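>>> no sequence on this one, just coordinates:
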C-alpha cells in the first residue's frame with residue numbers, strides 16, 4: 001500500500017513540476033501504460049550518475065546493432081572497475097533485466113532501484129556489497145516496439161530476440177552474441193556471487209505476481225541450491241510479503257491445467273539457461289519470472305519489491321554466501337572429477353506449497369477452430385473463472401539422474417580445433433597445450449548413431465549422438481590441447497565436451513566437420529579423449 005501511495009505522489013509532483021522528471025521512469029510517467037525505450041533508459045542512467053557519486057555508468061559492450069549496453073556499478077566507494085572492487089573486499093551482486101526485451105518489468109524496476117540510491121532511500125543495502133545493474137541487456141530487441149505481448153500492458157513493447165534474431169537466454173554455452181560474450185566476461189572479471197535474471201512469464205493462471213527459481217541443473221553444486229530453497233527464498237519471499245505486500249511462489253506451471261491439484265512443475269534444467277549456467281560456475285542464481293496476467297503496475301512494483309528484498313538479504317549475509325561460493329570453487333577443483341556427470345534426468349518432487357489460483361472450466365475445441373491452437377494443445381482448452389481457489393500442490397523441480405557417466409581427470413582435444421578452444425577460453429576455462437607427443441591409456445568415444453533434429457533452433461540443427469567409451473593406448477601429437485578437471489570451472493567442461501551432453505558443443509554443431517566421414521555419412525572419430533588417471537609426465541603450458 002505504501003509503495004502505491006509513493007508512486008501516486010511522484011506522478012502528482014511531476015504534474016505540478018515539483019519533481020525532477022529525469023528520475024521518473026516512462027512506466028510511472030505514463031501511469032503504467034508505456035515502457036521505456038533505449039533513449040529513456042540511457043537518459044535516466046546518466047542523470048542518476050550526475051546526481052550521485054555512488055552510481056557509475058560504464059560500457060559493458062556494444063550490441064549487435066551498435067548500441068552501448070550499460071553496466072551500472074553502485075557502491076559507497078564510487079567503484080568503476082574490477083580492480084577497484086577487489087580493493088574493497090566486497091562481493092558484487094548482479095541484477096540483469098531485459099534479456100528478453102518484451103519482458104519489461106525488470107527494466108523499469110531496475111531504474112526505480114537507482115532512484116532510491118540517488119535519494120538515499122536504499123543506503124542500508126550498500127554496507128557489505130557492491131551492486132551491478134544491467135537494466136537493458138537487449139537494447140536491439142527493446143527498440144523493436146510493437147504489439148508483441150499478450151498481457152495486461154504495456155500496449156507496445158520490444159521483442160524476445162536480439163539483433164541477430166538469437167534468444168540470448170539460449171546463448172550461454174555457444175557464445176555467438178556480443179551481448180552474452182560480454183556478460184560471461186563480466187562473470188570472469190567482476191565475479192558476482194549472485195546473478196539475478198529478471199523475466200516475465202505468461203503461463204498458468206495464479207494470483208501471485210512474482211515467481212522465482214534458482215540453479216536447477218543436476219550437475220551444479222547442490223549445496224548452493226539447497227541454501228536457496230531452504231534459507232534464502234523463505235526469508236526473501238517473507239520480506240517481500242511483509243514489507244511490500246506482494247505474494248510470491250516458485251516458478252512453474254500446472255502439470256495438468258485441467259487438474260491443478262496434480263502439481264506445479266518447472267523442468268527447465270538445461271545448462272543453456274542463464275540461471276543454470278551461472279550455477280555451473282558455482283555461483284548463486286535467481287531467475288525471477290514476473291507474472292504477465294497481473295496488471296503492469298503490479299508486475300513492476302512486485303518486481304521492485306523482490307529486488308529490494310533480495311538485496312537486503314544479500315547485504316546482511318555476504319560473508320556466509322561468499323564463504324559458500326569459495327568453498328564450492330575449492331571443492332570443485334579438488335574433488336569434482338571423482339564424481340559422475342549426469343546426462344539425463346527425471347523430475348521429482350522438491351517441496352510443496354499452496355498456490356493462490358482460480359477454479360477452471362474445460363471447453364472442447366471445435367474442429368473448425370483447431371488450426372488456431374499449437375499442436376501441443378490437446379482437444380480442449382482450459383479457462384479460468386472468476387471464482388478464487390487455492391491449491392496445495394507438490395512442486396516438481398528436482399532433477400534426479402537417470403543416466404550418468406564417470407568423469408575423467410582431464411580431456412585432450414586434438415590440434416586444429418581453434419573454434420572449440422576459443423569457446424572454452426571465453427568461458428574462463430583453463431586450456432593448456434601439450435608440448436610433445438604423448439602415449440597413454442585413454443578413453444575415446446565410439447559413435448553409434450548420429451541423428452539430426454527436424455527443425456532449426458537458434459540458427460542450429462541439434463545433433464543427437466549415441467555411443468559409448470572404449471579404452472586403448474593412444475598417441476596424441478604435440479600442440480594438442482589439455483583441459484584439466486582440477487579447476488574451479490570444472491563443472492562446465494563436461495557440459496561442453498561430453499558428446500551426449502544436452503548442451504554439448506557437439507550437439508550445437510561445433511564438431512560437424514569431424515564427426516561424419518566424408519562421402520559415406522557414417523560416424524567418424526570424435527577428436528576429444530579422456531584421461532582417467534594422470535599417471536604420466538606431460539609437458540604442457542598455458543598459452
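Cool, got the structure. Given the structure is predicted, the values throughout are model-derived calculations rather than measurements.
>>> right, and the helix or strand after the top helix by length along the chain?
The helix that spans the most residues within the chain, counting by DSSP state H, is helix 296-316. Toward the C-terminal end, the helix or strand that comes next after helix 296-316 (DSSP states H and E) is helix 318-335.
>>> helix or strand with the lowest mean pLDDT in the protein?
With mean pLDDT, DSSP states H and E as the measure, the helix or strand of the chain carrying the lowest mean pLDDT is helix 2-15 (a mean of 50).
>>> about what we covered before: elements contacting the longest helix of the chain?
For helix 296-316, the helices and strands in contact under the criterion 3 or more C-beta pairs under 8 Å, 6 or more residues apart in numbering; DSSP states H and E are helix 2-15, helix 26-29, strand 92-97, helix 105-118, strand 194-201, strand 210-213, helix 233-239, strand 284-291. (Glycine included, C-beta is placed from N, CA and C.)
>>> mean confidence score for the third one?
Think strand 92-97. Model confidence over strand 92-97 averages 98 on the pLDDT scale.
>>> so what does that strand touch, helix or strand wise?
The elements that strand 92-97 packs onto, with contact taken as 3+ C-beta pairs under 8 Å, 6+ apart, are helix 105-118, strand 130-134, helix 178-190, strand 194-201, helix 296-316.
>>> if we can go back for a sec, so can I have TSV of the helices and strands packed on helix 296-316 showing distance to residue 468 and mean neighbour count?
Putting the helices and strands packed on helix 296-316 into TSV (distance: least, C-beta to C-beta, whole Å; neighbours: other C-beta atoms under 10 Å) gives the following:
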stretch	distance to residue 468	mean neighbour count
helix 2-15	58	13
helix 26-29	55	22
strand 92-97	40	25
helix 105-118	44	25
strand 194-201	36	24
strand 210-213	34	25
helix 233-239	40	17
strand 284-291	33	26
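>>> can those go into CSV with extra columns for distance to residue 252?
Supplementary listing: the helices and strands packed on helix 296-316 in CSV, determined by distance: least, C-beta to C-beta, whole Å:
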stretch, distance to residue 252
helix 2-15, 26
helix 26-29, 27
strand 92-97, 21
helix 105-118, 18
strand 194-201, 9
strand 210-213, 7
helix 233-239, 14
strand 284-291, 9
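>>> tell me which of the ones you listed sits nearest to residue 415.
Taking C-beta to C-beta as the criterion, residue 415 comes closest to strand 194-201 out of those, the separation being 35.0 Å.
>>> each with direction, which strands does the closest one pair with?
strand 92-97 (parallel), strand 284-291 (parallel) (DSSP bridges).
>>> could you dump those strands to CSV with distance to residue 174?
As requested, these are arranged in CSV below (distance: least, C-beta to C-beta, whole Å):
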stretch, distance to residue 174
strand 92-97, 19
strand 284-291, 19
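>>> looking at the ones you listed, which is closest to residue 150?
Nearest to residue 150 among the strands paired with strand 194-201 is strand 284-291 (13.6 Å), distances taken as C-beta to C-beta.
>>> okay, buried residues for the longest helix of the chain please.
Taking 16 or more other C-beta atoms under 10 Å as the neighbour-count basis, helix 296-316 is seen to contain the buried residues 296-315.
>>> next one: stretch 415-423
By neighbour count on 16+ other C-beta under 10 Å, the buried set for stretch 415-423 is 417, 420, 421, 423.
>>> can you check stretch 243-251 too?
Using 16+ other C-beta under 10 Å as the test for burial, stretch 243-251 gives 244, 246, 247, 248, 249, 250, 251.
>>> centre of the chain versus it, how much separation?
How far stretch 243-251 lies from its chain's middle: 20 Å, per C-alpha atoms, centre = their mean, to the nearest Å.
>>> likewise stretch 513-525?
35 Å.
>>> same question, stretch 168-180
Counting by C-alpha atoms, centre = their mean, stretch 168-180 comes out at 11 Å from the chain centroid.
>>> go ahead and name everything in contact with that stretch.
Contacts with stretch 168-180, where a contact means C-beta atoms under 8 Å, 6 or more residues apart in numbering, come from 61-64, 69, 99-100, 137-138, 161-162, 164, 166, 181, 184, 197, 199, 271-274, 277, 423, 426-427, 458-460, 495-496, 503, 505, 508, 510.
>>> how far away is residue 503 from residue 276?
Residue 503 sits 9 Å away from residue 276 when distances are taken as C-beta to C-beta, to the nearest Å.
>>> give me the neighbour count for residue 230.
Applying other C-beta atoms under 10 Å, we find 10 residues neighbouring residue 230.
>>> got any ranges where the protein has weak pLDDT?
Filtered on pLDDT under 70, the chain yields the residue ranges 1-22.
>>> how does it divide up, domain by domain?
As assigned by automatic domain parsing, the chain contains the domains 2-78+85-341, 408-542.
>>> so which of those is nearest residue 391?
domain 2-78+85-341 (4.8 Å).
>>> quick check, distance from the closest one to the centre of its chain.
Between the mean C-alpha location of domain 2-78+85-341 and the chain-wide mean there is a distance of 10 Å, by C-alpha atoms, centre = their mean.
>>> got it, and stretch 396-412?
In this view, stretch 396-412 has its centroid 20 Å away from the chain centroid, taken as C-alpha atoms, centre = their mean.
>>> buried ones in stretch 150-157, by neighbour count?
Along stretch 150-157, these residues count as buried under the neighbour rule (16+ other C-beta under 10 Å): 151, 152, 153, 154, 157.
>>> and stretch 124-136, by the same measure?
Across stretch 124-136, burial judged by 16+ other C-beta under 10 Å covers 125, 126, 128, 129, 130, 131, 132, 133, 134, 135, 136.
>>> name whatever forms a beta bridge with the fifth one.
So that's residue 130. Beta-bridge partners for residue 130, by DSSP bridges, are residue 92.
>>> ok, how many other residues are close to residue 400?
Neighbours of residue 400 under the rule other C-beta under 10 Å: 11.
>>> any idea which helix or strand carries it?
When elements are defined using DSSP H and E, residue 400 is found to belong to strand 380-406.
>>> who are the packing partners of that strand?
In this structure, strand 380-406 makes packing contacts with strand 264-265, strand 340-364, judged by 3+ C-beta pairs under 8 Å, 6+ apart.
>>> same thing but 10 Å
Contact here means 3 or more C-beta pairs under 10 Å, 6 or more residues apart in numbering; DSSP states H and E; on that basis strand 380-406 packs against helix 222-227, strand 248-250, strand 253-254, strand 264-265, strand 340-364, strand 463-476.
>>> each with direction, which strands does it pair with?
According to DSSP bridges, strand 380-406 forms sheet pairs with strand 264-265 (parallel), strand 340-364 (antiparallel).
>>> next SSE downstream of that strand?
As the chain continues past strand 380-406, the following element, by DSSP H and E, is strand 410-413.
>>> packing partners of that following strand?
Using 3+ C-beta pairs under 10 Å, 6+ apart, strand 410-413 sits against helix 418-426, strand 432-434, strand 438-452, strand 463-476, strand 481-484, helix 492-497, strand 528-531.
>>> residues in contact with it: which ones?
Outside of strand 410-413, the residues that reach it under the criterion C-beta atoms under 10 Å, 6 or more residues apart in numbering are 337, 420-421, 424, 431-432, 434, 438, 440, 442-443, 474, 476, 480-486, 493-494, 496-498, 527-534, 538, 540.
>>> of the residues you listed, just the buried ones, PyMOL syntax please.
Restricted to buried positions by 16+ other C-beta under 10 Å, the PyMOL selection for those reads:
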select buried, resi 337+420+421+424+431+432+434+438+440+442+443+476+480+481+482+483+484+485+493+494+496+497+498+527+528+529+530+531+532+534+538+540
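>>> tell me how many other residues crowd residue 331.
Number of residues near residue 331 (other C-beta under 10 Å) recorded here: 14.
>>> an error on my part: the question was meant for residue 102.
The number of residues packed near residue 102 is 23, by other C-beta under 10 Å.
>>> that one touches residue 143, doesn't it?
No - taking C-beta atoms under 10 Å as the definition, residue 102 is not a contact partner of residue 143, at 11.7 Å.
>>> which SSE is residue 162 in?
With elements taken from DSSP H and E, nothing contains residue 162; it lies in neither a helix nor a strand.
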